[in-house]
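**Q** would you be able to build a 3D model of this:
(2 chains)
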There are 2 protein chains.
Amino acid sequence: MHKLLILSKRAGEYRQLLETANLPEIEIHSATDATRASALGSDFEILYGEPRLIRDLLPKLQNLRWVQTTSAGIELLLDPNLRRDYRLTNARGVFGALMSEYVFAYLLLHERRIFERYKAQKEHRWDGSDTGSLRGKTIGLLGVGSIGSHLARTAKQFEMKVQGYTRGSQISSDVDIYFHPPELLAFAQGLDYLVSVLPNTTETQRIVNATLLNALPAHAIFINVGRGSAVDEPALVRALQEQRLAAAVLDVYQEEPLPKRHPFWRSKNLLLTFHTSAPSLPEDLAGLFIENYGRYLRGEKLNYEVDFVRGY
Amino acid sequence: MHKLLILSKRAGEYRQLLETANLPEIEIHSATDATRASALGSDFEILYGEPRLIRDLLPKLQNLRWVQTTSAGIELLLDPNLRRDYRLTNARGVFGALMSEYVFAYLLLHERRIFERYKAQKEHRWDGSDTGSLRGKTIGLLGVGSIGSHLARTAKQFEMKVQGYTRGSQISSDVDIYFHPPELLAFAQGLDYLVSVLPNTTETQRIVNATLLNALPAHAIFINVGRGSAVDEPALVRALQEQRLAAAVLDVYQEEPLPKRHPFWRSKNLLLTFHTSAPSLPEDLAGLFIENYGRYLRGEKLNYEVDFVRGY
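**A** I've put the predicted structure just below:
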């Protein structure tokens, strides 16, 4: 028997989904926080859940062989002071459509001037002026993994041009032009929209800095759905203040929840959401675990295994 | 030589695009209103422009053989008191991506609770609660022509289920289930979103009536980007008042501009736009004319020819 601990705020939902799947040779335990989990013992072989909760338990688990997270972000588990003697897999592949929803919701909000139309309605004013359109506009994707690829395909459905910036791989055929280091500034030129889906790694930290923001056209809009660490936040505040950037939409921040005194709360032309761009759907995430557990049992390569050094 | 009159508010833009195309055997004239057009003579063979302007000129044109409109809607030219001894082609095929922008802008605005998130931001309040998602939701398309087909493909990109209601044809493979008359109420059951892209014909008038609205789930949202004539407006006001429908988004109305005293201005859970869902892009529309002019010269079938009896 393989002893599994589900450690998640939504442990109940995940447990039900896993039990419904009738997985073989598994003993399922669950807890919603690390304290309760500790009371269940320390001989778990598999952990499934949220990095924040798993982290505290890591040192105690002498039989640990595999951790599957319910999130894409796993940087909390990459702390060099933590053990790395287990296989770590994260949630990928399920967020593409959800991230496309978020990114295109805000692109369309802007182009279709939805706030302005709503204002006209409130004033009982027929405003027949043309709106903008995504057609023919250029979107630049910082990072083209499974999420970036989905964004690229959605952009094509709206007849946009797509540029992609990646370290090397070119997995999406919906990207019209790829750029690689050191072509970051060339990539930024002429973009109408810049979207970061970058994970938090040593190479991505503050990649969206004053230099990159200055390379964008002044009418450009920046959207961050990756990690807050990718953004030099004071530089972004200044670019917005000085109107070197038309607007930004942020879902992630250096510190979350965003501190009360943070200048983002008072910045103009900035829309904030609250790490809510990809609502996690338990069915999807449980599906990832179920697929990977089959692979684990058969001794196969696991899906979405994280390289501790590379960071993704 | 074929004598062409461009009759449009944007005649200058269209003229420039057509002149750049160097069309053979054509003499191009242009006017921005019918009065100015009359002064240019009455021996035009081809008219290109807006139905509203063209209508007044129709009786005078003894050499008229072909009218290409810059709009999809041509009901003004279908008045039985008007002549029908010419070929009428309308603008189609170019509006799909634009209509997808509009429809999905508003679907996403709703699911992603953008107004609520914005309110939280204004109150400096971190609201990490989950949003909804389009994934797995069901969209019903009233009408599946070129626009409906584009909506269906966009819905699939967001991993939605798609139902289509058409008179008979089934041109889109992105529609999961087709319904035909008399299955309208069966079509409506279980929809999360109902979108009308219907043109104005005798068969579509007030098709969105109390019976259809009652057949929708109470959490459903109705969007009209077709023609205002498809909606029984008092029935829609009542359905919203009585919360038998969660919300509606309208771009077209029985009377446009929407009269000042119309109850829509004061209805709750109703978002209004102003016949602005598909901003006309002169390059696209000129492209349609250029393609069709080639066909006209070669004596071929014209694209998007309207059947005066059928009405589309």
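
**Q** measure residue A:46 to residue A:33 for me?
**A** According to CB to CB, to the nearest Å, residue A:46 and residue A:33 sit 18 Å apart. (Glycine included, C-beta is placed from N, CA and C.)

**Q** tell me which element residue A:222 falls in.
**A** Here residue A:222 is covered by strand A:221-224, with elements defined by DSSP states H and E.

**Q** Provide the strand pairings for that strand, with the direction of each partner.
**A** As defined by DSSP bridges, the strand partners of strand A:221-224 come to strand A:193-196 (parallel), strand A:247-250 (parallel).

**Q** okay, buried residues for the helix or strand just after the first one please.
**A** Heading C-terminal from strand A:193-196, the first helix or strand you meet, by DSSP H and E, is helix A:210-215. If you call a residue buried by 16 or more other CB atoms under 10 Å in any protein chain shown, then helix A:210-215 has these buried ones: A:212-213, A:215.

**Q** again with stretch A:217-233
**A** Buried residues in stretch A:217-233, defined by neighbour count with 16+ other CB under 10 Å: A:220-233.

**Q** alongside chain B, which residues does the stretch 101-250 of chain A contribute?
**A** Residues of the stretch 101-250 of chain A found near chain B (CB under 8 Å from any CB of the partner chain) are A:101-102, A:104-106, A:108-109, A:111-112, A:114, A:117-118, A:120-121, A:124, A:126-135, A:153-154, A:157-159.

**Q** show the buried residues in those residues.
**A** Buried among those by 16+ other CB under 10 Å: A:101-102, A:104-106, A:108-109, A:111-112, A:114, A:117, A:120-121, A:126-127, A:131, A:133-135, A:153-154, A:157-159.

**Q** tell me how far the strand holding residue A:222 lies from the chain's centre.
**A** Mean C-alpha position of strand A:221-224 versus that of the full chain (CA atoms, centre = their mean, to the nearest Å) differs by 13 Å.

**Q** and it, what's its mean pLDDT?
**A** In this model, strand A:221-224 carries a mean pLDDT of 98.

**Q** with stretch A:35-53 instead?
**A** In this model, stretch A:35-53 has an average pLDDT of 94.

**Q** what of stretch A:69-80?
**A** Averaged across stretch A:69-80, the pLDDT comes to 92.

**Q** first vs last residue of that stretch, how far apart are they?
**A** Distance across stretch A:69-80, first residue to last, is 18 Å (CA to CA, to the nearest Å).

**Q** related to what we said a few turns ago, compare residue A:46 and residue A:33 (neighbour count), which wins?
**A** Neighbour totals were compared for residue A:46 and residue A:33, and residue A:46 leads with 25 against 14 (other CB atoms under 10 Å in any protein chain shown).

**Q** quick check: phi and psi on that one?
**A** Dihedral angles of residue A:46 (phi, psi; degrees, to the nearest 10) stand at phi -130, psi 140.

**Q** for it, give me its contacts.
**A** By CB atoms under 8 Å, 6 or more residues apart in numbering or on different chains, residue A:46 lies in contact with A:2-5, A:64-68, A:293, A:296.

**Q** so which of these comes closest to chain B?
**A** Closest approach between these and chain B, by CB to the nearest CB: residue A:68, at 21.0 Å.

**Q** burial count for that closest one?
**A** The burial count for residue A:68: 26, using other CB under 10 Å.

**Q** ok, it touching residue A:288?
**A** Yes. Applying CB atoms under 8 Å, one finds residue A:68 in contact with residue A:288, separated by 7.1 Å.

**Q** intersection of neighbour lists for those two?
**A** residue A:91.
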